[in-house]
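> Provide a 3D model corresponding to the input given below.
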Amino acid sequence: MPERVLITGGAGFIGTHLAASHLADGDDVHLLVRPGKQVSGNVATVHAVDLQDRDALEDCLRSIAPTIIYHLATSTGRNANCDVDAPELLVDPANLLNMIRAAKRVSPKVMIRAGSIAEYGGNPRTAHEDDRENPSSSYGAALVAATHYCSVLQRQLPFPLHTARLSLTYGPGQAANYMVPALLQGLLRREQVFVRNPLDRRDLAHVNDIVAGLRMLSAANFAQGQIINLTSGHAPSMRQVAYLACDVVGVDRELVHFGKAHPASASTLCVSAERARALLKWRAAISLAEGLASTAAAMRQEIYA
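So this is what the prediction gives:
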């Protein structure tokens, strides 16, 4: 039976791929986007709603009566600083609480909100879901707060509310000012590219794997909410990623220039995917080489179209 799927942040990178996956299966897909946001190339129903407008949000959810809710709308997390005035410290958790309040009134089968491995902070060892978080940015701190809100509020909810802590996600269609597409775009154009912190290590996952994990979590038969990492479980250095990108594009590695390496200040975001394998039978199936190659192929078509 088709599901009625609601995706906040549905016009974003992951949301677009997630919507396409559900649409391909014949589901009734609804996207919540910011007023004034343009959405194209999608046959989902689009609703322009400000998540801070509680009444409009509740009216919208009542009209849709979703069976599955994905809450993907958060700040981008690209500000690495921790600033007391950072808007995400208040806005992101408040938007989540508004969504939970509205969802409680329509009682979907399940609600999933997107967290991030940034919640763990830079740590040389592999992080697990039960570890104490140690965020190093305003973005990560806001997401940690949201995760704990979900855990507390779950007791009052008639549906499971899951947190999927997502790896750094990349793939076709991502904005070119993010790390992987920026790197690939420069190499495809045979331009010199600069990698500032070559010793930093990051867990990267292809968007198709992330979408598969989110959908498996939405279909899982859990009575209570779970915190589950959707990650590759591996964290190559930025130097390794850059060189691999050169190899899959077929250009000389000399095109890549690196910032000065400082081992003492290098950070690592490597997160265990064991719980996802145990509970969902999910694992990242697309290797970094395969993912970079498919992303480069899609970008090559755009560049030379």
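> what's the closest non-adjacent residue to Met111?
Nearest residue to Met111, sequence neighbours excluded (CB to CB, 6 or more residues apart in numbering): Ile69, at 4.2 Å. Every C-beta, even on glycine, is put in place using the N, C-alpha and C of the backbone.
> meant to ask about Asp25, not that
For Asp25, the closest residue by CB to CB, 6+ apart turns out to be Pro2, at 7.7 Å.
> what of Ala212?
Counting by CB to CB, 6+ apart, the nearest residue to Ala212 once its immediate chain neighbours are dropped is Trp282, at 6.7 Å.
> what's around the one you found, how many residues?
By other CB atoms under 10 Å, the residues close to Trp282 number 21.
> report the secondary structure state of it.
With DSSP: H, G, I helix; E, B strand; the rest coil as the basis, the three-state label of Trp282 is coil.
> where's it relative to Ile228, distance?
Summarising the geometry, the distance separating Trp282 from Ile228, computed by CB to CB, to the nearest Å, is 9 Å.
> now Asp27
From Asp27 over to Ile228 the distance is 22 Å, taken as CB to CB.
> helices and strands of the protein: which one bottoms out on pLDDT?
None of the helices or strands of the chain scores lower by mean pLDDT, DSSP states H and E than strand 268-269, at a mean of 87.
> helix or strand right after the helix or strand encompassing Val152?
Element membership of Val152 [criterion: DSSP states H and E] is helix 138-153. Past helix 138-153, heading to the C-terminal end, the next element that is a helix or strand (DSSP H and E) is strand 161-166.
> for Leu18, pull up the helix or strand it's in.
When the helices and strands are read off by DSSP H and E, the one containing Leu18 is helix 13-24.
> and the closest residue to Met99 other than its chain neighbours, backbone torsions?
Distance criterion CB to CB, 6+ apart; nearest residue to Met99, sequence neighbours excluded, is His71 at 5.1 Å. Note on His71: its backbone torsions stand at phi -100, psi 100 [degrees, to the nearest 10].
> hey, what's His71 bridged with?
Thr8, Arg113 (DSSP bridges).
> low pLDDT regions in the protein?
Filtered on pLDDT under 70, the chain yields the residue ranges 41-42, 76-88, 303-305.
> per-domain residue ranges of it.
Per the record, the chain has its domains at 4-169+204-230, 175-202+234-279+287-303, by automatic domain parsing.
> what about Val180, which helix or strand?
Element membership for Val180, per DSSP H and E: helix 179-188.
> in contact with Arg113, which residues are there?
By CB atoms under 8 Å, 6 or more residues apart in numbering, the contact set of Arg113 is Tyr70, His71, Leu72, Leu96, Met99, Ala146, Cys150, Leu161, His162, Thr163, Ala164.
> then the fifth one would be within a helix, right?
This means Met99. Yes: residue assignment for Met99, taken from three-state DSSP, places it within a helix.
> now do the helices in the chain.
Under the criterion DSSP state H, helices of the chain are mapped to 13-24, 54-64, 88-106, 138-153, 179-188, 207-219, 238-249, 274-280, 288-303.
> compare Asp27 and Ile228 (neighbour count), which wins?
Ranked by neighbour count (other CB under 10 Å), Asp27 and Ile228 place Ile228 first, with 26 against 18.
> pretty sure that one sits against Leu166.
No: using CB atoms under 8 Å as the test, Ile228 is too far from Leu166 to be in contact (10.0 Å).
> tell me, what's touching Trp282 and Ile228 both at once?
Joint contacts of Trp282 and Ile228 (CB under 8 Å, 6+ apart) are Gly213, Ala276.
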